[in-house]
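# below is the sequence, then the predicted model.
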Amino acid sequence: MGRGHRWGRRISFNRQALHMEFNEVLNRRYSCRAFASRGLEQEIVDRILEAGRIAPTAVNKQPVHIWALSDPDTLAAVKGVTRSNYGAPLILVVGCRPADAWVRRYDGKNGAEVDAAIVATYLMLAAENEGLSTLWVGSFDPSLLRNLLPAAEGYELVAMINVGYPSPDSMPSAMHGERKPLGELVTRVD
């Protein structure tokens, strides 16, 4: 049993089952570049957006905004912003407002972009958990995208996330499984 939240709310769960399910989500996720034409159920989209809402941000400042694009005309207009569309029925754009973010006092590092990356990652993993596929798109023209988004002034646009059901022929890229060995990636200081 888990000990729960430090402010007294107790949460019970099977840690071993949770660990295995989460690892399955992590291992199953890949960058999808072929989406089925099937639409998304609103309840699923709402659960994904809720995951973005509860994602942690530095000092809980929440300097992040998510634009959920599903209107066919808007999705068609996005084709002028990036070549990485692949027919997704939903695009989640994650932006951050540096003026509202926590700033590290030691060196002035603004945490807005890190917060946006955390929110985007939560969105992607929540979508995978719902049986959907995603693609994080970083190659886009932010000025053109900003023109499509209401109230985007003052936001740095960090990511576009294509979301949808994968097409039957979708598969991970050949490079998907290529990872550095743990020894090259991690330095243990004991």
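Ah, there it is. Numbers count the residues shown, from 1 in each chain.

# those strands in this protein, which residues are they?
64-69, 90-96, 133-137, 156-164 (DSSP state E).

# just name the most buried of these.
Ranked by mean neighbour count, these are led by strand 90-96 with a mean of 25 (mean count of other CB atoms under 10 Å). Every residue, glycine included, has its C-beta placed from N, CA and C.

# distance between that one and the chain's centre?
8 Å (CA atoms, centre = their mean, to the nearest Å).

# run through who's touching it.
Residues from elsewhere that reach strand 90-96 (CB atoms under 8 Å, 6 or more residues apart in numbering): 40, 45, 48-49, 52, 63-70, 75, 78, 112-113, 115-116, 119-120, 123, 145, 149, 152, 155-164.

# for the nearest residue to His65 once chain neighbours are set aside, which residues count as its bridge partners?
Counting by CB to CB, 6 or more residues apart in numbering, Gly95 is the residue found nearest to His65 once chain neighbours are left out, at 5.2 Å. For Gly95, the beta-bridge partners under DSSP bridges are His65, Leu157.

# what pLDDT does Gly95 get?
For Gly95, the model assigns a pLDDT of 98.

# next one: it from Thr82, what distance?
15 Å (CB to CB, to the nearest Å).

# repeat that for Arg146.
Taking CB to CB, one finds Arg146 at 13 Å from Thr82.

# need the contact list for the closest residue to Leu149 other than its chain neighbours.
With sequence-adjacent residues excluded and distances taken as CB to CB, 6+ apart, Leu149 is closest to Trp67, at 5.0 Å. Neighbouring residues of Trp67 by CB under 8 Å, 6+ apart: 92-93, 95, 149-150, 152.
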